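Undergrad: quick one: sequence plus predicted model below, questions after.
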Amino acid sequence: MGNMNRPLSPHLQVYKWELHMVLSIFHRVTGVFLSIGLISLMWWLIAAALSESYFTLVQSYIALPFGRVILFSFSISIIYHTLNGVRHLFYDAGMGYDLNTTRNSGRLVVFLTIIFTLGIWYLGYHFAGKI
């Protein structure tokens, strides 16, 4: 064996990026957003339990653009994480491993995540003043 100048293990520069790779990374990122969203939810529930004035303060933070971004990130994360989790349940059952099915199920997860998230936010704003 001669002296070879190549990596000992494959690196990201070697691979052609595929949808399943991006979805795997996004699954981990949404896990972080879920943690942040749950902390925000706990803060909101604790504020509701403590006092009306503190709850109003927390509500005012949530109404800020940054608070809306956290809520939107939380909602898209929970929807994506759930749909992708169902996709992985099929993998655990031994189904959907062929390349075409993997690509199509990944596209379906992305499509449904967008549709469900926008639908929930539309309904939330549509019915917000009617309740």
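TA: Great, that's in hand.

Undergrad: got phi/psi on Ala93?
TA: With angles defined as degrees, to the nearest 10, Ala93 sits at phi -80, psi 0.

Undergrad: what about it, how many neighbours?
TA: 8 (other CB atoms under 10 Å). C-beta here means a position set from N, CA and C on the backbone, and glycine is covered the same way.

Undergrad: so how far is Leu23 from it?
TA: Note on Ala93: its distance to Leu23, by CB to CB, to the nearest Å, is 19 Å.

Undergrad: for this structure, what are the low-confidence residue spans?
TA: Residue ranges of the chain with pLDDT under 70: 1-4, 6-13, 129-131.

Undergrad: kindly recompute the last result at 80.
TA: Scanning the chain for pLDDT under 80 picks out the ranges 1-16, 128-131.

Undergrad: which stretches of the chain form helices?
TA: Listed in chain order, the helices of the chain (DSSP state H) span 19-50, 52-63, 65-92, 99-128.

Undergrad: list the buried ones in the longest one?
TA: Just to be clear, that refers to helix 19-50. Leu23, Phe26, His27, Thr30, Phe33, Leu34, Gly37, Ser40, Trp44, Ala47 (16 or more other CB atoms under 10 Å).

Undergrad: for it, which helices and strands make contact with it?
TA: Judged by 3 or more CB pairs under 8 Å, 6 or more residues apart in numbering; DSSP states H and E, the packing partners of helix 19-50 are helix 52-63, helix 65-92, helix 99-128.

Undergrad: that one vs helix 52-63, what angle?
TA: 160 degrees (axes from the mean of the first three to the mean of the last three CA atoms, to 10 degrees).

Undergrad: out of the helices and strands packed on helix 19-50, which comes closest to Val14?
TA: helix 99-128 (18.8 Å; CB to CB).

Undergrad: buried residues, that closest one. List them.
TA: For helix 99-128, by 16+ other CB under 10 Å, it's Thr102, Ser105, Gly106, Val109, Val110, Thr113, Phe116, Thr117.
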